[in-house]
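Asker: whatever this is, show me its structure:
(2 chains)
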Amino acid sequence: DTEVTQTPKHLVMGMTNKKSLKCEQHMGHRAMYWYKQKAKKPPELMFVYSYEKLSINESVPSRFSPECPNSSLLNLHLHALQPEDSALYLCASSQPGGDTGELFFGEGSRLTVL
Amino acid sequence: AQSVTQLGSHVSVSEGALVLLRCNYSSSVPPYLFWYVQYPNQGLQLLLKYTTGATLVKGINGFEAEFKKSETSFHLTKPSAHMSDAAEYFCAVSGGGGFKTIFGAGTRLFVKA
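Answerer: This next block holds a predicted model:
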């Protein structure tokens, strides 16, 4: 059982739609991440939140908008996506600062953009 | 700066044979090293990690890895492959804190009956 929960597991959207991906963890971790993973590739870091503040944005297009409402929740708002944005979106959490950097991943949200 | 190189994008073994997945890293700071496994349509799961101390690290499902600083390697092994080991394996390096974990390109393990 994963301790990082992502919803929905699958999402199909058109290029004009607005949708959101959600992530929740109850491990008391204070760092949360969004990764994008294309088929047969490693995860690519998109955003990092530390103590509910955005600390890293890996030059992600503005059609992806992250939000961290509290220490347990992380959202990724999607708008005007392109077909090439179709991928597995992974949420992860960890203890920031001084820890080993072990990441705890959710099972991902499979996004298809038509 | 940190980087990870996984040798071999695909490895195929017979059931019961030794599994060896190779990983070399570079790091400007003492590294924390990880192996993650990803089954189809799932997230990544930690297999094992090296932080400090003992250089031979044991993980879940019978896997182990040895940190060799002189060779900058962290190869993953399992004495006897099982069909359920078929998956994608990622080696990763971190300087700590989890902010910037660098993943290798991944190695797909196939297990033949």
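Asker: show me the contacts for the nearest residue to B:K78 once chain neighbours are set aside.
Answerer: Leaving aside its chain neighbours, B:K78 sits nearest to B:V19 (4.1 Å; criterion: Cβ to Cβ, 6 or more residues apart in numbering or on different chains). Where you see a C-beta, it was placed from the backbone N, CA and C, and this is true even at glycine. B:V19 is in contact with B:V11, B:V13, B:F63, B:L76, B:T77, B:K78, B:A81, B:D85, B:L109, counting by Cβ atoms under 8 Å, 6 or more residues apart in numbering or on different chains.
Asker: what do you get for B:S80?
Answerer: By Cβ under 8 Å, 6+ apart, B:S80 lies in contact with B:G16, B:A17, B:L18, B:G62.
Asker: which of the residues you listed sit farthest apart?
Answerer: Among the contacts of B:S80, the pair separated by the greatest distance (Cβ to Cβ) is B:A17 and B:G62, at 13.2 Å.
Asker: check which helix or strand covers the residue nearest to the spatial centre of chain B.
Answerer: The centre of chain B sits closest to B:W35, judged by Cα atoms, centre = their mean, with a distance of 3.4 Å. When elements are assigned from DSSP states H and E, B:W35 belongs to strand B:32-38.
Asker: that strand: how far from the chain's middle?
Answerer: Here strand B:32-38 is found 5 Å from its chain centre; the criterion is Cα atoms, centre = their mean, to the nearest Å.
Asker: report the mean confidence score over the next helix or strand after that strand.
Answerer: The element immediately downstream of strand B:32-38 (helix or strand, assigned by DSSP H and E) is strand B:44-50. If you average the pLDDT over strand B:44-50, you get 95.
Asker: and the helix or strand following strand B:44-50, what does it pack against?
Answerer: Sequence-wise, the next helix or strand beyond strand B:44-50 is strand B:56-58, with elements assigned using DSSP H and E. Of the remaining helices and strands, those touching strand B:56-58 by 3 or more Cβ pairs under 8 Å, 6 or more residues apart in numbering or on different chains; DSSP states H and E are strand B:44-50, strand B:64-68.
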